[in-house]
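Fold the following for me, if possible:
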Amino acid sequence: MRRGLLGGAFFSFALLWQMQAQQVEVPRQAGDARVAFATEDEETIPAERHAAPRKESSARKITLDDMRKAGTLAREKIERETRLTTKYLMPPSTSIAKAPQPSVRPSIDRQLHASDSAWSQSVSLPMESAFTKLADGFDFPVGKPEARGYYKARGYRSNGHLGEDWDGVRGGDTDLGDPIYSIGDGVVVFARDCHMGWGNVVIIRHAFRENGVVKNIDSLYGHLQSILVRRGQAVSRGQKIATMGNAHGLYDAHLHLEIRKNLAIGMSRAKFARDSSNYYDPSQFILSRRHLQTAGGTYRIAMNTFTYDALIHWDRERNFTHARTGGGSSESATALKKTVASQH
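Numbering: from 1, shown residues only. Down below sits the predicted model:
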């Protein structure tokens, strides 16, 4: 056992001598700023190769302390070689992936209510905003303020008819050209001829305070004969904004009214759930908010939140001008009869 211990000691001492012999200083030539690193395949030539061999001193007894020093030096050598290999011999393709940077989107007012999730899809839109008075209440858009002389020909149905159709009680096109009013204070965010089955459309964005929280809605007025406001214009409650139309002759004259919680819909209704998560029942909304408290002043709203409308080529859509079909529906006719009967 003693012989084995001495053999291990001699081995450690030999390793120590070999490491010390490899530590060679290579003189640096003037003007040469390059540093060479030897790989495992290159042969390192000691500077003392051609020097006269030194006379070794007589062997001495290896102590336990010598063996510990040799082990420490050997461990340090391995660690140093590992660091060098990692630093200088790493394959060029190795890289550290950078965390993806968040996309930059407009800094808009956070009072977007139910449209927040949809707005996140419209990061490419430029920022636009406007200021409006907080609405102090809402009225009906025809026969203001109580819809006198008009009846609701078709009501709101979730996953069906997403708004209300308002007709004059005289029937037919007798209400063609009648005034249409804004249901409350707000800002016009859309005003143009959409062709398709819509005809002329106006959308007004409103801000109102409810239960201590400021909320936003869009009111849409469709099938108009003429548009009397422009995009970006501030409007007041009861202000005349358009006249009643028939979508260029597609229907009997009437107003299609929608009230939306989701400010991202625009004219792209098919992209969103057709239920109460995105829409209010217009009459219920108005009747429950006829008078609201406000603190005065103005409120900032986002203008361009319509996520998918930028993809619509409006002027290429089918134009229904002079496409007279008779319009109306059995539902509208039945509603008219009930309304007239109730008045008598």
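
Helix or strand with the lowest mean pLDDT in the protein?
Within the chain, no helix or strand scores below helix 116-119, which has a mean of 34 by mean pLDDT, DSSP states H and E.

Would you mark the buried spots in the helix or strand following it?
Note on helix 116-119: by DSSP states H and E, the next helix or strand toward the C-terminus is strand 129-133. The neighbour-count check on strand 129-133 (16 or more other Cβ atoms under 10 Å) flags 130, 132-133 as buried. In this view, the C-beta of every residue, glycine as well, is placed from N, C-alpha and C.

Give me the contact list for strand 129-133.
By Cβ atoms under 8 Å, 6 or more residues apart in numbering, the residues outside strand 129-133 that reach it are 108-109, 185-187, 205-207, 232, 234, 294, 297-303.

where does the nearest residue to C194 once chain neighbours are set aside land on pLDDT?
Of all residues not flanking C194 in the chain, V201 sits nearest, at 5.1 Å (Cβ to Cβ, 6 or more residues apart in numbering). Here, the pLDDT recorded for V201 equals 97.

Could you give the number of residues near V201?
The number of residues packed near V201 is 23, by other Cβ atoms under 10 Å.

From R237, how far off is it?
Here V201 is placed at a distance of 20 Å from R237 (Cβ to Cβ, to the nearest Å).

What segments of the stretch 151-300 of the chain are helices?
Using DSSP state H, counting those that start in this stretch, the helices found in the stretch 151-300 of the chain span residues 282-287.

Could you list the low-confidence segments of it?
For the stretch 151-300 of the chain, no stretch is flagged by pLDDT under 70.

Which neighbouring elements make contact with the strand ranked longest in the chain?
As assigned by DSSP state E, the longest strand anywhere in the chain is strand 213-227. On a contact count with 3 or more Cβ pairs under 8 Å, 6 or more residues apart in numbering; DSSP states H and E, strand 213-227 meets strand 186-193, strand 200-210, strand 240-244, strand 255-260.

Pipe those into a markdown table and attach distance to I217 per row.
What follows is these, written out as a markdown table (distance: least, Cβ to Cβ, whole Å):
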| stretch | distance to I217 |
| --- | --- |
| strand 186-193 | 9 |
| strand 200-210 | 5 |
| strand 240-244 | 16 |
| strand 255-260 | 6 |
